[in-house]
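In: predicted coordinates and the sequence they were generated for:
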Amino acid sequence: MDGLMFDTEKVFIMAWDYAGEKIGIGKAGYMVYKTLGMNIVSSYNVWKEEFGDRYNQEELRKYTKEFLQKYYSENTVPVKKGLYNLLNYLKENSCKMAVASSSPRWEVEKHLKDANIYEYFIWIVCGDMVQNSKPDPEIYLKACELLKANQSECYALEDSKNGLLSAYRAGCKPIMVPDLWQPDDEILNVIVGKYEDLDEVKAAFENIDV
């Protein structure tokens, strides 16, 4: 969801800049790049490696949520180019869709409902519904199971390395739409396609039997 359907990664940069200054470690928005695709628990492990005892996890969570709730009460997050076109095309072609996001459920549901796309998805699997964070395949295995779909028949759209590896390790077909990060050689060897936006993904699907 983040960085693929919605331009939320930039909001998290602002949130962690705000929270970092509040807890005395300075602007920490750059940590978004180090935790792309991870759930909250795994991302905090990376924070621990970066800052050690210089930060308090509960305070970080408190001020991050404080910023996000205020921001989202005053703003809607912009959708990524081609989102509605792609979703409508897939719906018209009776494709079963699920969201597999590392973000907490309250945030995922808010964004989907604000953008009026909640009803497109049969299932929503969030970071607080699985034990292991991306790049572990658990979240995609769960999504495929709920969809009653064979992983090898599922396409997974992602923007982060952790997300793409998670989908690949689950046996899905990963498609990359870059946001803040460009693919390295490892990712180029596992993805089935790379497109600049979701309109390009739609055009690609139109040329294959989805």
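Out: Structure received.
In: all the helices of this structure, residue numbers only.
Out: 9-22, 31-34, 40-51, 57-74, 83-92, 105-114, 138-147, 161-170, 185-188, 198-206 (DSSP state H).
In: contacts for stretch 4-19?
Out: Here stretch 4-19 makes contact (C-beta atoms under 8 Å, 6 or more residues apart in numbering) with 1-3, 27-32, 36, 59-60, 63-64, 66-68, 71, 77-80, 83, 111, 115, 117, 157-159, 177, 179-180, 198. (C-beta placed from N, C-alpha, C; glycine too.)
In: show me which of those are buried.
Out: Buried subset of the contacts of stretch 4-19 (neighbour count, 16 or more other C-beta atoms under 10 Å): 1-3, 28-29, 31-32, 36, 60, 63-64, 67-68, 77, 79-80, 83, 111, 115, 117, 157-159, 177, 179, 198.
In: then the helix or strand bottoming out on mean pLDDT in the chain to PDB, C-alphas only?
Out: Lowest by mean pLDDT, DSSP states H and E among the helices and strands of the chain is helix 40-51, with a mean of 87. C-alpha atoms of helix 40-51 as PDB (Å, rounded to 0.1, in the frame of the first residue of the first chain):
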ATOM      1  CA  ILE A  40       6.500  -1.900  13.100                       C
ATOM      2  CA  VAL A  41       8.300  -4.500  15.200                       C
ATOM      3  CA  SER A  42      11.000  -5.100  12.600                       C
ATOM      4  CA  SER A  43      11.500  -1.400  11.900                       C
ATOM      5  CA  TYR A  44      12.000  -0.700  15.500                       C
ATOM      6  CA  ASN A  45      14.800  -3.300  15.600                       C
ATOM      7  CA  VAL A  46      16.500  -1.300  12.900                       C
ATOM      8  CA  TRP A  47      16.000   1.800  15.000                       C
ATOM      9  CA  LYS A  48      17.700   0.000  17.900                       C
ATOM     10  CA  GLU A  49      20.700  -0.800  15.700                       C
ATOM     11  CA  GLU A  50      20.900   2.800  14.600                       C
ATOM     12  CA  PHE A  51      20.300   4.700  17.900                       C
END
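In: just checking, what packs against it?
Out: Here helix 40-51 touches helix 31-34, helix 57-74, going by 3 or more C-beta pairs under 8 Å, 6 or more residues apart in numbering; DSSP states H and E.
In: which residues touch the last one?
Out: Identification of contacts with helix 57-74 by C-beta under 8 Å, 6+ apart yields 11, 14-16, 18-20, 22-23, 40, 44, 47-48, 107, 110.
In: over to the shortest one?
Out: Residues from elsewhere that reach helix 31-34, judged by C-beta under 8 Å, 6+ apart: 9, 12-13, 16, 43, 46-47, 50, 180-181.
In: out of these, the closest to Lys134 would be?
Out: Within the contacts of helix 31-34, proximity to Lys134 (C-beta to C-beta) peaks at Ser43, which comes in at 10.6 Å.
In: hang on, the earlier thing: could the helices of the chain be laid out in a markdown table, adding distance to Asn132?
Out: A markdown table is the format used below for the helices of the chain (distance: least, C-beta to C-beta, whole Å):
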| stretch | distance to Asn132 |
| --- | --- |
| helix 9-22 | 21 |
| helix 31-34 | 18 |
| helix 40-51 | 8 |
| helix 57-74 | 19 |
| helix 83-92 | 28 |
| helix 105-114 | 17 |
| helix 138-147 | 4 |
| helix 161-170 | 9 |
| helix 185-188 | 20 |
| helix 198-206 | 27 |
